[in-house]
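J.: prediction below, plus the sequence it came from.
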Amino acid sequence: MEKTGMELQKLSNGLHYEADGSVEGGVPPEEEKFLQHKDGGSKRPQFTDFEGKTSFGMSVFNLSNAIMGSGILGLSYAMSNTGIVLFLILLTCIACLSCYSVHLLLHSAGVVGIRAYEQLGFRAFGHPGKILAAVIITLHNIGAMSSYLFIVKYELPLVIQTFLGQTSTSEEWFMNGNYLIIIVTVCVILPLAMMKHLGYLGYTSGFSLSCMVFFLSVVIYKKFNIACPKELFGNFSMNADMPEDTCAVKYFTINQETAYTIPILAFAFVCHPEVLPIYTELSNPSKKRMQRIGNVSILGMFIMYFFTGIFGYLTFYEKTEAELLHTYSKVDALDTLILCVRLAVLVAVTLTVPVVLFPIRRALLQLLFPGKPFHWLRHIAIAVCLLFAVNLLVILVPNIRDIFGITGATTAPTLIFILPGLFYIRIVPTSQEPMTSRPKIQAACFTTLGFIFMIMSLTFIVIDWITGEKRSHGGH
């Protein structure tokens, strides 16, 4: 339940609510930025220093764009290792858990009148909690930005090569992926990252989502235009019979890859660092309205994920590769439609980078400049430094899959499960909900589930390192 008008008025008059519900005089600097003080109490106190103007639809676009990552290219491979029914069960469970996680965040934010992930950490655990939340958001989103730029680095030269009709990689500068990501960053990503508010990116997020809808449409179309692809199963003559189970649909599959797939599906719904910034800029904000935005966004991505997974799987069956577009290229490397899809995916991931950058900048501002008013120089300087660091990382490190595997296995479960559950337990006063109440017990179980996901993910990565097997799964 959100704060009543009386509780909000108390906050605006300088009363500080602790996690246990106690009141303390004076508002610390961390909260000055989030509570707008009105003379005489004639107006309803605001959470931020500006009036939110982002519409419901634009907020859905931004949150959906934050949810959708490069991992959509690996969902068909995930289905090939789980089977259709088991994949649907897992995807449904994880989507529902993500909605519940958003509910925990919004409820915690409503109790204390704060709409910043880092400030919830401060309210729950003091400065260590604030620092931990900021560091986790920064690490996770830098990993996500880097994964998107890696796609640009390796896919854009291939697209240019195909457009120019070349069959081999040229030595020209415009075929060098390192130069291309710098050009894309300076010309496209940086101008969008310099926007003052996240809501302004609603239009680019909508266009990015339309590119992914085009990708899904082509995946569905190709299912009905590619018979059982013999190119992937070996050399069979037209009259030779292939094994009966070669293109057989599997509904339940358990193998070595199945357990490894579960965390990947969970990571596909990571959007939680963006939830509160989007909530801050929402017009006519309320917990119920923001929860609907979260539910609509997650439902939309659930539908896209499932259809992408099933139609990709039904095209290539057990020969589905971790990167779906690469599998199409093996059937027809010069397919014009697949070339267009590659270009659409490049546009989509490029336009997602600025949306992912906003929570990092907000976390750094909360960490380094708490309580400071908005300043353009700080706003732009942080964006430039972040993009410079990410570009440098992508250029200098040839293979950072293991680095991002570790950060992804630790930060994603923390952001989805562990921190929202802990915030709820610590922030909601025991006078409202005792520790033995059902909501608190559910939050505790939710947090425990996050630790299980983390341990499981790290275990699989260590096993990969020990055995020397490197799996190229898609990730968020």
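T.: All right, it came through fine. Numbering: from 1, shown residues only.
J.: am I right that residue 307 is in a helix?
T.: Yes: counting by DSSP: H, G, I helix; E, B strand; the rest coil, residue 307 is found in a helix.
J.: next up, the contacts around it.
T.: 216, 219-220 (CB atoms under 8 Å, 6 or more residues apart in numbering). C-beta: built from backbone N, CA, C; applies to glycine.
J.: do you know the pLDDT at it?
T.: Here, the pLDDT recorded for residue 307 equals 94.
J.: so where do the strands sit in the stretch 151-300 of the chain?
T.: In the stretch 151-300 of the chain, no segments count as strands under DSSP state E, counting those that start in this stretch.
J.: what number of residues lie near residue 362?
T.: Residues lying near residue 362 (other CB atoms under 10 Å) number 22.
J.: should've said residue 288
T.: Counted by other CB under 10 Å, the residues lying close to residue 288 total 9.
J.: any of the contacts of residue 307 buried? List them.
T.: Buried subset of the contacts of residue 307 (neighbour count, 16 or more other CB atoms under 10 Å): 216, 219.
J.: which of the contacts of residue 307 sits closest to residue 280?
T.: When the contacts of residue 307 are compared for distance to residue 280 (CB to CB), residue 216 comes out closest, at 30.8 Å.
J.: that closest one against residue 308, yeah?
T.: Yes: if you go by CB atoms under 8 Å, residue 216 and residue 308 touch, sitting 5.4 Å apart.
J.: so residue 440 sits in a strand?
T.: No: using three-state DSSP, the assignment for residue 440 is helix, not a strand.
J.: give the contact list for it.
T.: Applying CB under 8 Å, 6+ apart, one finds that residue 440 lies in contact with 424-425, 428, 433-434.
J.: please enumerate residues in contact with stretch 222-232?
T.: 236, 242, 246-247, 311-312, 314-317, 319, 327-328, 330-331, 337.
J.: out of these, which is most surrounded?
T.: Counting by other CB under 10 Å, top hit in the contacts of stretch 222-232: residue 312 with 29 neighbours.
J.: how far away is that one from residue 126?
T.: Noted for residue 312: a distance of 47 Å to residue 126, by CB to CB, to the nearest Å.
J.: and what of residue 148?
T.: Taken as CB to CB, the span from residue 148 to residue 126 is 34 Å.
J.: now residue 282
T.: Residue 282 is 28 Å from residue 126, by CB to CB.
J.: packing partners of the helix or strand where residue 96 lies?
T.: Using DSSP states H and E, residue 96 falls within helix 84-112. Secondary-structure packing of helix 84-112 (3 or more CB pairs under 8 Å, 6 or more residues apart in numbering; DSSP states H and E): helix 117-163, helix 258-267, helix 272-280, helix 287-316, helix 419-427, helix 438-467.
J.: which of these comes out lowest on mean pLDDT?
T.: For the helices and strands packed on helix 84-112, the bottom mean pLDDT is recorded on helix 258-267, which sits at a mean of 72.
J.: between it and helix 84-112, how many degrees?
T.: 40 degrees (axes from the mean of the first three to the mean of the last three CA atoms, to 10 degrees).
J.: what bits of this protein have low per-residue confidence?
T.: Residue ranges of the chain with pLDDT under 70: 1-52, 70, 166-170, 230-246, 259-260, 333-334, 398-405, 468-476.
J.: picking up where we left off before, narrow the contacts of residue 307 to those in helices?
T.: Among the contacts of residue 307, DSSP state H puts 216, 219-220 in helices.
J.: residues in contact with the nearest residue to residue 306 once chain neighbours are set aside?
T.: Leaving aside its sequence neighbours, residue 306 sits nearest to residue 91 (CB to CB, 6 or more residues apart in numbering; 6.0 Å). With contact set as CB under 8 Å, 6+ apart, residue 91 has these partners: 265, 302, 305-306, 309.
J.: can you do 10 Å?
T.: Shown in contact with residue 91 (CB atoms under 10 Å, 6 or more residues apart in numbering): 75, 78-79, 82, 265-266, 268-269, 301-302, 305-306, 309.
J.: can you list these in TSV and add distance to residue 119?
T.: Output for these, formatted as TSV (distance: CB to CB, whole Å):
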residue	distance to residue 119
75	34
78	35
79	39
82	39
265	30
266	25
268	27
269	23
301	27
302	30
305	31
306	35
309	37
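J.: farthest-apart pair in those, please.
T.: Largest pairwise distance in the contacts of residue 91, by CB to CB, is 18.2 Å, between 82 and 301.
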